[in-house]
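Visitor: Have a look at this prediction, sequence included:
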Amino acid sequence: MTSTTVKGAPVRAIGTEHVRVEGRDKVTGTARYAGEIPFADLAHGWLVLSSAARGRIEAIDTEPVLAMPGVLAVLHHGNALRLHTDFVGLLGTRPDPTCAVFQNDEVPHAGWPVALVVAETPEQAREAAEALLVHYEQQPHDVAFTGADPNAYPVDGHMPAVTDKGDLETELALSAVVIDAEYTTPEEHHHPMEPHAATARWDDGRLELTDSNQGATWVVAELANLFSLDPESVRVRSEHVGGGFGSKGVRAHQVAAVMAATVLQRPVRVVLTRRQMFTLAGHRSPTIQRVRLGADPDGRLRALDHRALSRTSTVYEFVEPSAGVARVMYDADAHHTENQVVRLDVPSPTWMRAPGEAPGSFALEAALDELAEKCGVDPIALRLRNEPDKGPVSGLPFAGRNLRACFEEGARRFGWAQRDPRPGVRRDGRWLLGTGTAGASFGAGAAPSTATITAQADGDFTVSIAAADIGTGARTALTLVAADALDVPTTRIRVRLGDSAYGPAMIAGGSMGTRSWSWAVMAAARDLREQLVPGMEIPPQGITVRSDTTEAVAALARKERHSFGAQFAEVAVDTNTGEVRVRRMLGIFAAGRIVNPLTAKGQFTGGMIWGISMALHEEARRDTFYGGPLGADLAGYHVATHADIPHIDADWVDDPDPEDPVGIKGIGEIGIVGAAAAVANAVWHATGVRHRSLPIRPDRVLTAGRLA
């Protein structure tokens, strides 16, 4: 045994740049992801997706496929395990029936899972799956998303569907300046670098799932409910995750893998292809948004009306709450927001980085820019003129609102004061140049979590928490938090995560992961320090404490908590081709205390890059005849690549949350909010033409005019 002490000057690891603690493992291939971990006697499943856009399964010709080399089973609605779906899950919602596979003969959309072929090798499984003949009774389908659909209705998501304050129509009538415009955003897809993959196996009556997900606690709860299991008999491990963005919850492939492993009593792995991810991994719904603004001549808002329509499936109600951002950003005497959905024969949408805020900020911040132009007021000055002193809808005080500081610092660094406000006057050869800005906000919450810290006999400390590092650098951030909490060097901290055996913890989502987990780690460290005294002997098994922050985080609900930001973009528009190039971009954020500046900058700029992609490239379309996506691959679905990304920078202002033990707010999603609007506003400044539909494609630029 050796002795250990926890004393001395603070190490202050938080706030210093630190490379990823698992970085070497990742670049050398030592870190293994869900689809590449070896298992003895492993079988492979391949999902068969419906080619019918809507209808019923009449028959499945399984016999020829079962006779193919290596094929072990074909699961479908006629022989699959029955699932329990009448429950409310961990996130307060009912399970998406898309994950409850093979329960009946109904086909609600193209790409619906109709069977799983299991074979000895993935090649055999794929060949057999492609040979499986499924007969359908086709029924009429509808995938057309329009703003005139009479079946649209308001729906509560993770926020109320409608908020209303004041007399909207009266204030609009009294306004000297009115903006009334419609903005649209297309269907978008997640596509993290690592495809979705899961391996299920039974071990002495215990279900074990090796998975790529955003929260082991979440997946355990859903699987236990679906299969009517004791949660204590389910273990989910997800050590390394190559991106998620909201798509890696409970999906069809995990449930199918568990079914197959149960039937065959051997491990079964199911990995989604890139094409399958277009229908099985969720997506961001397209939106149609109407924004009406009424203001006095100086730009002070009298009326703000933001109404958003999104699309959901016929089997699951999910809303993209785009009007929610207006409930935080600006106040007006009359204030109305509304989120509506329409049910269509499409796959279920899901959370996608900054759900609601990303498309909603495009509409709201573009409309604010139009109002600034019409009032003859600088766009930044107009926004600051409408800063609320409390939540415009909630009425709650803000636990810090440093949007003004973001705009002021961003304007200084971007050179905003030298900007000629007139559109279409700056040129560089055949390129028209313009600059634009937009505000950003995203909620800063926390959720209950548990963490365990063990003081080892050799003087090191092991932190165990069911967190998920989806590429954000959470493992490294928690190392820094633990080091500071224990006043030891980071080299004495070992963080273990991604295992449900470590106890309940918040998912990696809602920009709440690192904040929630850090809180739990801090609480455990505090309790451990109380047990350790200088010179004491640590037994061979170590000294372990466990925290639970359920009661502590409840106090956060008394105030409105958000991260804020100001986005700035400069674009060049080719007068011959209509091509838009972003030349430089700057984001300044107020997002709480920054734990690791190195990985934080990557999170901010990653979101901003996605905003560029959203503004100029990303657009999924559906074929109205067969109901499925067109160009369902990364050749047909365009995203920003290295050549599209200019000089891009992100920084932050001091903004700790005094009621959080670390001061964290959350940074994962704020970077994308407002980014597309800043680019679109810059395109207007370059060309003098407004683009209210994303993406701003070259053909749209050319047909809009004024490029001489």
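Guide: Here it is on my side, so go on. As the structure is a prediction and not an experimental result, all values here were calculated from the model.
Visitor: Run through the strands of the stretch 201-350 of the chain in chain order.
Guide: All strands of the stretch 201-350 of the chain, identified by DSSP state E, counting those that start in this stretch, fall at 206-211, 234-237, 268-271, 287-295, 301-313, 334-344.
Visitor: I meant to write the stretch 551-700 of the chain there.
Guide: 562-574, 580-590, 647-652.
Visitor: Does anything pack onto the first one? Which helices or strands?
Guide: With contacts taken as 3 or more CB pairs under 8 Å, 6 or more residues apart in numbering; DSSP states H and E, strand 562-574 sits against helix 403-414, strand 431-443, strand 580-590, helix 675-687. From N, CA and C alone the C-beta is placed, and that goes for glycine too.
Visitor: List the contacts of the closest residue to residue 330 other than its chain neighbours.
Guide: Distances taken as CB to CB, 6 or more residues apart in numbering put residue 386 closest to residue 330, at 4.3 Å, once the chain neighbours are dropped. Taking CB atoms under 8 Å, 6 or more residues apart in numbering, we find residue 386 in contact with 299, 300, 301, 330, 331, 332.
Visitor: still on that earlier bit, closest to residue 614 out of the strands of the stretch 201-350 of the chain?
Guide: strand 287-295 (11.7 Å; CB to CB).
Visitor: Please name every helix or strand in contact with the closest one.
Guide: Taking 3+ CB pairs under 8 Å, 6+ apart as the contact cut, strand 287-295 packs with helix 168-174, strand 177-185, strand 301-313, helix 357-375.
Visitor: rerun that using 6 Å as the cut-off
Guide: strand 177-185, strand 301-313, helix 357-375 (3 or more CB pairs under 6 Å, 6 or more residues apart in numbering; DSSP states H and E).
Visitor: Show me what it pairs with in its sheet, parallel or antiparallel.
Guide: strand 177-185 (antiparallel), strand 301-313 (antiparallel) (DSSP bridges).
Visitor: How about the last one, which residues are buried there?
Guide: What it means is strand 301-313. Buried residues in strand 301-313, defined by neighbour count with 16 or more other CB atoms under 10 Å: 301-313.
Visitor: Would you reformat those residues as JSON lines and include pLDDT and distance to residue 584?
Guide: As requested, those are arranged in JSON lines below (pLDDT from 0 to 100; distance: CB to CB, whole Å):
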{"residue": "301", "pLDDT": "98", "distance to residue 584": "30"}
{"residue": "302", "pLDDT": "98", "distance to residue 584": "36"}
{"residue": "303", "pLDDT": "98", "distance to residue 584": "35"}
{"residue": "304", "pLDDT": "98", "distance to residue 584": "31"}
{"residue": "305", "pLDDT": "98", "distance to residue 584": "34"}
{"residue": "306", "pLDDT": "98", "distance to residue 584": "30"}
{"residue": "307", "pLDDT": "98", "distance to residue 584": "34"}
{"residue": "308", "pLDDT": "98", "distance to residue 584": "31"}
{"residue": "309", "pLDDT": "98", "distance to residue 584": "34"}
{"residue": "310", "pLDDT": "98", "distance to residue 584": "32"}
{"residue": "311", "pLDDT": "97", "distance to residue 584": "35"}
{"residue": "312", "pLDDT": "96", "distance to residue 584": "38"}
{"residue": "313", "pLDDT": "96", "distance to residue 584": "40"}
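Visitor: Closest to residue 610 out of those residues?
Guide: residue 310 (18.7 Å).
Visitor: Looking at the helices and strands packed on strand 562-574, which one is packed in the most?
Guide: Most buried of the helices and strands packed on strand 562-574 by mean neighbour count (mean count of other CB atoms under 10 Å) is helix 675-687; its value is a mean of 30.
Visitor: Residues contacting it, please?
Guide: In this structure, residues lying in contact with helix 675-687 by CB atoms under 6 Å, 6 or more residues apart in numbering are 361-362, 365-366, 369, 423-424, 432-438, 567, 569, 571, 573, 580, 608, 611, 614-615, 690-691, 696, 706.
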